[in-house]
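Colleague: The sequence isn't on hand, but the structure is:
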């Protein structure tokens, strides 16, 4: 354990800072997000992310939004493992037939007032998968959707803007 800690201290911070333009965009959106979250919830926004059958491209961008570079937690956004504590569902991918019941149950377990955000082209309209024997199409084919965030996959900035649209 001591050896690992020494290695960490020797290596230091190895992440690269964001480009100045991107950092300005994130700060602008983040300030608006923080104000909207405080106004609407009076505390932080808790999100439950649900993968309804995606290729995981959108999940990588959601994880990037939560990493130390973008750091969505500084704006009051937190992720939870339980839909019972969530204010918002962030749903990715076309709804696979095997995920339909799980998605409906997750939606039912989320307390009201609940917000649903469809992420990525697949979440918005089924994307390249569309409707088929294995896919029901977009998220709105199963549960009501409040905001759509298009893109394949959408950037962390687009995700933050979509969350802002949902809570404003």
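Modeller: In hand now; what should we look at? The shown structure was predicted, so the numbers you read here are calculated from the model rather than taken from an experiment. Residues are numbered from 1 along each chain as shown.

Colleague: Can you read off the pLDDT for the residue lying closest to residue 90 once chain neighbours are set aside?
Modeller: Nearest residue to residue 90, sequence neighbours excluded (CB to CB, 6 or more residues apart in numbering): residue 49, at 4.6 Å. (Each C-beta comes from the backbone N, C-alpha and C, glycine too.) pLDDT, residue 49: 95.

Colleague: Assumed residue 49 was part of a strand.
Modeller: Yes. Under DSSP: H, G, I helix; E, B strand; the rest coil, residue 49 sits within a strand.

Colleague: any idea how far residue 60 is from it?
Modeller: Relative to residue 60, residue 49 is positioned 12 Å away (CB to CB, to the nearest Å).

Colleague: As a check, name the ranges of all strands in the protein.
Modeller: 45-51, 77-79, 88-92, 115-119, 147-149 (DSSP state E).

Colleague: And the third one, how far out from the chain middle?
Modeller: Okay, so that is strand 88-92. 6 Å (CA atoms, centre = their mean, to the nearest Å).

Colleague: ok, that strand: who's next to it in the sheet?
Modeller: Counting by DSSP bridges, the strands paired with strand 88-92 are strand 45-51 (parallel), strand 115-119 (parallel).

Colleague: any chance of these in JSON lines, plus mean neighbour count and distance to residue 99?
Modeller: Below are the strands paired with strand 88-92 laid out as JSON lines (neighbours: other CB atoms under 10 Å; distance: least, CB to CB, whole Å):
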{"stretch": "strand 45-51", "mean neighbour count": "21", "distance to residue 99": "8"}
{"stretch": "strand 115-119", "mean neighbour count": "25", "distance to residue 99": "14"}
